[in-house]
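Asks: Could you look at this predicted model? Sequence included:
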Amino acid sequence: MRVYSFPRGGLSFEDPTVPSRDSSEIAYLPALSVIPLIQHTGGRAYPIVSVGDQVKEGMLIGRGQGMGSANIHATVPGKVIRMVSWKMAEGQTNDALVIRMEGSFEKLGRREEIYPWAALSPFELQRLISESGIVEMEGSGRPIPDILSALRSAREPFTLVVRCVFDDPWLAADYALCQERLQAVVEGSAIIARVAAVSRIVFAFSHGEKGIGERFLAESAIYGIPASLVLTGNRYPQRNRRELELVLRNYEKRESLELGSLLVLGPATLAAIHDAVKLKKPILDRYVAVGGSAVKYPQVMKVRIGTRIGEVFAECGGFIDRPRRIATGSPLLGRTVVDLDEPVIKSSYAVFALLEGQVGGSVPRNCISCGECRMVCPVGLDPEELFKKVGRKKPGSVPGGGDGGAGGTDGGAGLDGVPIESRLNECHGCGCCEVVCPSRLPLSTVILDAAARGR
Ligand code: SF4
Ligand code: SF4
């Protein structure tokens, strides 16, 4: 079977501090849950319970307000004991309801009620997805109803792409979920195919996972939607929107298909859609990869949303030494955690703690013109050149390399005759250049900042 890959750049990497993806453990239920009112891309959900109220497991406690916002639910039964606020690493303030667990569970340990969905209209299905506060759980946190609304404005045929591309070992939680909840992911795909009227489902798997991909394809046959399996390369950033679309357009051409617009969703999101529709259950927990060199026993865990990250590490045996960096997501593009009381949210697919040796030196040095950043850029940009151009205006910048600070673009000085702004906008922030730079220059950070300022 042919393997499709993007044409240039990218990275292959392994990380021995990632937990094994072949099994998962269920984390203890937290005595105190911290449920943030922002677990999505937009504004905060409006709280509809107050301090002192009793809440049930799965009860709506925050109502999404407008685009980008999504409903928020209690993930354990108990009493709301306080409202807390904290500043996240990006400077944004988040509010959360703190629930002290007490009383009986509505869902946990009970026989699951199944709600047939085949007779429901796309409108009713979308309403169930919206009520359950389903967002993209593979990082972005964008609400699914927003994505579906955007699709409706286009008139093309659509293809649902089930993205199971494991180009980053930190996607161990997604892999465990694909193994353990295969039927839920496939049925979630069939549900979303109905809602968005997609004409085809493509299961995109990295070639090393061909066996699971074939099981997905076989399972999907019962839903009667045309489906196919596309094997991709596993170099990072193969799962990025741009690189994935490149290989799918190549596949489309080769197979003489018309895929039309691509609706790309990951396995955790699709399993959540299944639960919202078939079990009428909001997102109560998620698979999280817990690891990094500072963690004693890395493992994939099924964790209740609202569990504090410090408790998750404690369940993995705690730290073997003081961590130098703690973050969520992948070390490639992770978001720094400033407080171990920060909770696991819908989009937390991994949390990690790194020792000094794994972080490496963080003080940028001069560019040594090694060319590594050019070699790995999948877009064909020259990150070194861009970095020097946009970083050079800040006083105190690293000679010959910039300092990663807020320099401005130089208003149109070109690279190969192409305006810098165009080049900056081509960068999609994969982070490859920054990862390989031996001088530890914050290349992608500076390039993305400059692009955002230009826009
Ligand atoms: S972050 Fe941007 S410049 Fe750096 S490798 Fe990725 S696409 Fe290229
Ligand atoms: S990888 Fe770093 S040191 Fe090497 S050329 Fe690029 S910016 Fe310079």
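Replies: Good, I have the coordinates. Ligands and ions are numbered 1, 2, ... in the order given.
Asks: Can you show me the strands along the stretch 151-300 of the chain?
Replies: Assignment of strands within the stretch 151-300 of the chain using DSSP state E, counting those that start in this stretch yields the ranges 158-164, 200-206, 227-232, 261-265, 285-291, 299-304.
Asks: Relative to the first one, what are the paired strands and their orientations?
Replies: Taking DSSP bridges as the criterion, strand 158-164 pairs within the sheet with strand 200-206 (parallel), strand 261-265 (parallel).
Asks: near ligand 2, which residues of the stretch 251-400 of the chain?
Replies: For the stretch 251-400 of the chain, the contact set with ligand 2 under Cβ under 6 Å from any ligand atom comprises 367-373, 384. (Glycine included, C-beta is placed from N, CA and C.)
Asks: From the residues you listed, pick the one nearest I99.
Replies: C373 (46.2 Å; Cβ to Cβ).
Asks: residue contacts, the closest one?
Replies: Residues in contact with C373 (Cβ atoms under 8 Å, 6 or more residues apart in numbering) are 382-384, 432-434, 436-437, 443.
Asks: And it, how close does it get to I144?
Replies: Look at C373 and I144: by Cβ to Cβ, to the nearest Å, they are 36 Å apart.
Asks: Counting neighbours, what do you get for whichever residue of the stretch 1-150 of the chain sits closest to ligand 1?
Replies: At 6.6 Å from ligand 1, G9 is the closest residue in the stretch 1-150 of the chain, using Cβ to the nearest ligand atom. Counted with other Cβ atoms under 10 Å, the neighbours of G9 add up to 21.
Asks: what number of residues lie near the residue in the stretch 51-200 of the chain positioned nearest to ligand 2?
Replies: Proximity of the stretch 51-200 of the chain to ligand 2 (Cβ to the nearest ligand atom) peaks at D168, 20.1 Å away. D168 sits with 23 neighbouring residues when counted by other Cβ under 10 Å.
Asks: that older thread, give me the buried entries from the residues of the stretch 251-400 of the chain next to ligand 2.
Replies: 367, 372-373, 384 (16 or more other Cβ atoms under 10 Å).
Asks: how about these, which pair is most distant?
Replies: C367 and E372 (10.5 Å).
Asks: The nearest residue to Y175 once chain neighbours are set aside - how many residues pack around it?
Replies: The shortest distance from Y175 to any non-neighbouring residue, by Cβ to Cβ, 6 or more residues apart in numbering, is to R21 (4.1 Å). Taking other Cβ under 10 Å as the criterion, the count of residues near R21 is 22.
Asks: Am I right that R21 is in contact with A176?
Replies: Yes: contact status for R21 versus A176: in contact at 5.4 Å, counting by Cβ atoms under 8 Å.
Asks: G64 contacts Q39, correct?
Replies: No: G64 is beyond contact range of Q39, at 10.1 Å (criterion: Cβ under 8 Å).
Asks: pLDDT score for the nearest residue to F205 once chain neighbours are set aside?
Replies: In this structure, F205 finds its nearest non-sequential neighbour in G213, 3.5 Å apart by Cβ to Cβ, 6+ apart. Here, the pLDDT recorded for G213 equals 98.
Asks: With the one 5 residues further on instead?
Replies: Reading off the confidence values, A218 has pLDDT 98.
Asks: same thing with the one 5 residues further on?
Replies: What the model reports as pLDDT for Y223 is 95.
Asks: which ones are touching it?
Replies: Y223 is in contact with 186-187, 190, 193, counting by Cβ under 8 Å, 6+ apart.
Asks: ok, and the most crowded of those?
Replies: That'd be V186 among the contacts of Y223, by other Cβ under 10 Å, with 28 neighbours.
Asks: need the contact list for that one.
Replies: V186 makes contact with 216, 219-220, 223, 270, according to Cβ under 8 Å, 6+ apart.
Asks: again, only using 6 Å
Replies: Going by Cβ atoms under 6 Å, 6 or more residues apart in numbering, V186 touches 216, 219-220.
Asks: Contact partners for D174?
Replies: By Cβ under 6 Å, 6+ apart, the contact list for D174 reads P267.
Asks: 7 Å - rerun?
Replies: Going by Cβ atoms under 7 Å, 6 or more residues apart in numbering, D174 touches 138, 266-268, 349.
Asks: what's the answer for A96, then?
Replies: Here A96 is in contact with 34-37, 84 (criterion: Cβ under 7 Å, 6+ apart).
Asks: Was I right to think I144 contacts E138?
Replies: No: between I144 and E138 there is no contact under Cβ atoms under 7 Å: 12.0 Å.
Asks: quick one, which of those two is more surrounded?
Replies: Set side by side, I144 and E138 show more neighbours around I144, with 27 against 20, by other Cβ under 10 Å.
Asks: can you tell me which residues contact that one?
Replies: 129, 134-136, 269, 273.
Asks: Can you pick out the most distant pair from those residues?
Replies: Going by Cβ to Cβ, the pair spanning these furthest: I129 and E136, at 12.0 Å.
Asks: Show me the shaky parts of the stretch 301-450 of the chain.
Replies: Residues of the stretch 301-450 of the chain that meet the criterion pLDDT under 70 lie in 359-362, 392-417.
Asks: Quick check: residues of it near ligand 1?
Replies: Counting by Cβ under 6 Å from any ligand atom, the residues of the stretch 301-450 of the chain close to ligand 1 are 376-377, 379, 381, 383, 427-433, 443-444, 447.
Asks: Help me confirm that the residue of the stretch 1-150 of the chain closest to ligand 1 comes into contact with V376.
Replies: Yes: assessed by Cβ under 7 Å, G9 is found in contact with V376 at 5.0 Å.
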